[in-house]
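>>> any chance you can model this:
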Amino acid sequence: MLYRHNAHRASPVKLPPFLGHIYLNFSDMENTQENPTSQNPTPADEAARQAAEAASGEPQAQAQQPEATAGEPQAETSGVEAALAETQAKLAEMQENFLRAKAETENVRRRGQEDVAKAHKFAIESFAEHLLPVVDSLEAAVTHSSDDLLKVREGVELTLRQLTGALEKGKVVALNPVGEKFDPHRHQAISMVPADQEPNTVVAVLQKGYVIADRVLRPALVTVAAPK
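Predicted coordinates for the structure are as follows:
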């Protein structure tokens, strides 16, 4: 049932059922127009709401949030400082290890130089020791001179054997290449002579050569068979 409005009183008016829904929607529109602040708050309403929130203490909770987040940079700074201290400690350890290795390398290099100098200085020590018996034999032959040529010859042969043995102990070996193929690296040809041997064969040795290990001290002076 609906009411008809007039200046004094409202009287009920009956509408058909199909018009009732339209009237209700129209009434909602009238209420919205009469009360526009119900959906769109005015600046005054917003100010009142903020004042109510301030009175309830909510801004205090919001103000505490920056204090909570203020501790995060401090924790991050502490972590960076700890990492920096650890890196500096590792760097100091690496520097110490480097200096120690450098000192050890320098000691090894110095000892190596000393060993090389000693090797150059005393390289002939062993060879000279082998020559001492030869010197003793020659001194004895001079001291006890004899008119017997046979004894003199025997003494010279003994001294030669001692000297040859001393050279062999020093890895000094004589070259006597009679009948061998001519080797320009170990032999020095004086002349070429007709011979029954094959061409380029050593016929005679005029002076022995000597080698120490694989190095030629002196080439042998030889004559070589000429081509036929």
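>>> the domain parsing of this protein - what is it?
Using automatic domain parsing, the domain parsing of the chain gives 85-122, 124-170, 172-228.
>>> please identify which of those domains is closest to residue 49.
Evaluated with C-beta to C-beta, the domains of the chain place domain 85-122 nearest to residue 49, the distance being 52.2 Å. All C-beta atoms are positioned from the backbone trio N, CA, C, and that covers glycine.
>>> average pLDDT across the closest one?
The pLDDT scores in domain 85-122 average 91.
>>> just the buried positions in that domain, please.
By neighbour count on 16 or more other C-beta atoms under 10 Å, the buried set for domain 85-122 is empty.
>>> point to the helix or strand of the protein where mean pLDDT is at its lowest.
strand 2-4 (a mean of 46; mean pLDDT, DSSP states H and E).
>>> all helices of the chain, in order?
For the chain, the helices defined by DSSP state H cover 17-34, 43-56, 58-122, 125-143, 149-169.
>>> and stretch 163-180, which residues are buried?
163, 166-167, 170, 172, 175, 177.
>>> where does pLDDT dip in this structure?
1-45, 47, 51-73 (pLDDT under 70).
>>> contacts for stretch 186-205 next, please.
175-182, 206, 209, 211, 216, 219-228 (C-beta atoms under 8 Å, 6 or more residues apart in numbering).
>>> just the buried ones from the residues you listed, in PyMOL syntax?
To isolate the buried members of those in PyMOL, using 16+ other C-beta under 10 Å:
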select buried, resi 175+177+182+209+211+219+220+222+223+224+225
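>>> next, count neighbours for residue 134.
Residue 134 has 19 neighbouring residues, counting by other C-beta atoms under 10 Å.
>>> could you check how far it is from residue 183?
Distance, residue 134 to residue 183, using C-beta to C-beta, to the nearest Å: 30 Å.
>>> got CSV for the domains of the chain, with distance to residue 76 too?
Output for those, formatted as CSV (distance: least, C-beta to C-beta, whole Å):
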stretch, distance to residue 76
domain 85-122, 15
domain 124-170, 73
domain 172-228, 73
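>>> among those domains, which comes closest to residue 46?
That would be domain 85-122 among those, by C-beta to C-beta, at 53.1 Å.
>>> identify the residues contacting the residue nearest to residue 183 when sequence neighbours are not counted.
What sits nearest to residue 183 in space, not counting adjacent residues and going by C-beta to C-beta, 6 or more residues apart in numbering, is residue 177, at 7.3 Å. Residue 177 makes contact with 183, 186-187, 202, 205, 209, 220, 222 under the criterion C-beta under 8 Å, 6+ apart.
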